[in-house]
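> sequence-free structure coming up:
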Ligand code: ADP
Ligand code: MG
């Protein structure tokens, strides 16, 4: 049995998921496939040349499922992926979700997609040690072709938002992976919890805007930008989309301090490329990729120019894809 689970790119709403806020991610075409066959003992292999310790993600998912009394039989699972690992496109969530779907099906079990997202998130928090929010695992399961998904991370209510025709997603990977990324990510999460406690609110989604609190200001302003972005998509307001993406990047750079010189340079370079609608860093930051919304007719010219202005960039032209599921052979 084969299961596919896509990676993701977030259009806007960064670091808001673990602050009970709004996010607007898209599942992308690059994906991980888990091929599972019955075996005498559990055995995992990967064709992606992952760094040591990669099995933790699968073992974490297995542990969460067993905790929920899912009777998983022994399996040999081979993972193959078209996603770059550690590029900010959430190969980790695609990996977890593909494993979870294989385990659940082999057990003859069924679980609602949101439960699968939650247990994969829990696996990453507990077994891998990254205090991530729900966004990546959620979108890998709930993606829809040609749509972004607006998710309220407090209520977990969500709805698909159509991406207007003629807009192509261009992802530009800086290739930079700063070693401090996961420790700084966990630090930001802790800072937010402390700021919320100091403000006497449950989470920073509820914080009043106050120039004194830079982290809070990012979360509050970013949530407003996500909702404005959804309006701009509905109105096909390309200028508005671009302005909101620029403001998001600036807020992540100055207030939340999770950008880096390479991401800033990639966003700056995009301004000189044909067909740009908007550009910003995407994902957790400290390296990884930028997301560019580009006029479809100009997408190849845009990619060529960006590669010229930023040598060493890996550029992926993609579109919104559907969420994880059974892959027909
Ligand atoms: P991102 O999610 O942005 O790609 P992460 O650091 O969160 O970056 O996750 C990357 C890690 O996930 C890899 O180092 C590896 O441990 C694991 N991983 C992801 N995909 C695979 C795969 N197909 N096979 C083995 N390990 C994988
Ligand atoms: Mg990840």
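Alright, I've got the coordinates. This structure is a prediction, so every number in the text was calculated from the model and none was measured. Numbers count the residues shown, from 1 in each chain. Ligands and ions are numbered 1, 2, ... in the order given.
> quick one: least confident helix or strand in this protein?
helix 181-199 (a mean of 89; mean pLDDT, DSSP states H and E).
> need the longest strand for the protein.
Of all segments of type strand in the chain, defined using DSSP state E, the longest is strand 25-38.
> Check the residue lying closest to residue 88 once chain neighbours are set aside and give its pLDDT.
Leaving aside its sequence neighbours, residue 88 sits nearest to residue 288 (C-beta to C-beta, 6 or more residues apart in numbering; 2.6 Å). To be clear about C-beta, it is placed using only N, CA and C from the backbone, and glycine gets the same treatment. Among the per-residue scores, residue 288 holds a pLDDT of 96.
> can I assume residue 288 is in contact with residue 85?
No - when contacts are counted by C-beta atoms under 8 Å, residue 288 is not listed as touching residue 85 (11.3 Å).
> rewinding a little: establish whether the least confident helix or strand of the chain and ligand 2 are in contact.
No - applying C-beta under 5 Å from the ion, one finds helix 181-199 separated from ligand 2 by no less than 9.0 Å.
> and that helix, what does it pack onto?
Helices and strands touching helix 181-199, by 3 or more C-beta pairs under 8 Å, 6 or more residues apart in numbering; DSSP states H and E, are helix 214-234.
> average pLDDT across the helix it packs on?
96.
> hmm, back to that, give the next helix or strand downstream of the longest strand of the chain.
Downstream of strand 25-38, the first helix or strand assigned by DSSP states H and E is strand 43-46.
> Sort out which residues of the helix or strand that that following strand is followed by are buried, please.
Counting by DSSP H and E, the next helix or strand C-terminal to strand 43-46 is helix 55-67. For helix 55-67, the neighbour count (16 or more other C-beta atoms under 10 Å) marks 57, 58, 60, 61, 62, 64, 65 as buried.
> average pLDDT across the next helix or strand along the chain from helix 55-67?
Counting by DSSP H and E, the next helix or strand C-terminal to helix 55-67 is strand 75-81. Taken as a whole, strand 75-81 has a mean pLDDT of 98.
> residue ranges with poor pLDDT in the chain?
Residue ranges of the chain with pLDDT under 70: 208-212.
> Within range of ligand 1, give me the residues from it.
32, 46, 48, 50-51, 54, 57, 79, 81, 85-92, 95 (C-beta under 6 Å from any ligand atom).
> Try it again at 5 Å.
Residues of the chain found near ligand 1 (C-beta under 5 Å from any ligand atom) are 32, 46, 48, 50, 54, 79, 81, 85-86, 88, 90-92, 95.
> mind giving me the domain split of the protein?
Structural domains annotated on the chain: 2-161, 164-318, as defined by automatic domain parsing.
> picking up where we left off before, name the next helix or strand downstream of whichever strand or helix holds the residue nearest to residue 88, please.
In the assignment (DSSP H and E), residue 288 maps to strand 287-295. Tracing the chain past strand 287-295, the next element assigned as helix or strand by DSSP H and E is helix 299-309.
> what's the angle between that following helix and strand 287-295?
Helix 299-309 runs at 140 degrees relative to strand 287-295, counting by axes from the mean of the first three to the mean of the last three C-alpha atoms, to 10 degrees.
> helices or strands up against helix 299-309?
Right, helix 299-309 is packed against strand 167-177, helix 261-270, strand 287-295, strand 314-318 by 3+ C-beta pairs under 8 Å, 6+ apart.
> do you know which of those lies nearest ligand 2?
strand 287-295 (9.4 Å; C-beta to the ion).
> show me the contacts for residue 41.
residue 74 (C-beta atoms under 8 Å, 6 or more residues apart in numbering).
> Over to it: give its phi and psi.
phi -140, psi 160 (degrees, to the nearest 10).
> Give me the distance between the nearest residue to residue 27 once chain neighbours are set aside and residue 325.
Leaving aside its chain neighbours, residue 27 sits nearest to residue 143 (2.3 Å; criterion: C-beta to C-beta, 6+ apart). Computed as C-beta to C-beta, to the nearest Å, the residue 143 to residue 325 distance reads 10 Å.
> counting contacts, what elements does the longest strand of the chain pack onto?
strand 2-10, strand 75-81, helix 91-106, helix 135-142, strand 147-152, strand 167-177, strand 314-318.
> Those residues of the stretch 1-150 of the chain touching ligand 2, which are they?
So the stretch 1-150 of the chain meets ligand 2 at 90, 92 (C-beta under 5 Å from the ion).
> Closest residue of the stretch 1-150 of the chain to ligand 2?
residue 92 (3.2 Å).
> Tally up the residues packed near that residue, please.
24 (other C-beta atoms under 10 Å).
> State the distance from it to residue 29.
From residue 92 to residue 29 the distance is 18 Å (C-beta to C-beta).
> Kindly report the same for residue 216.
Separation of residue 216 from residue 29 (C-beta to C-beta): 36 Å.
> who has more neighbours, the two?
residue 216 (26 against 17).
> Would you confirm that that one contacts residue 206?
No - counting by C-beta under 8 Å, residue 216 stays clear of residue 206, with 9.7 Å between them.
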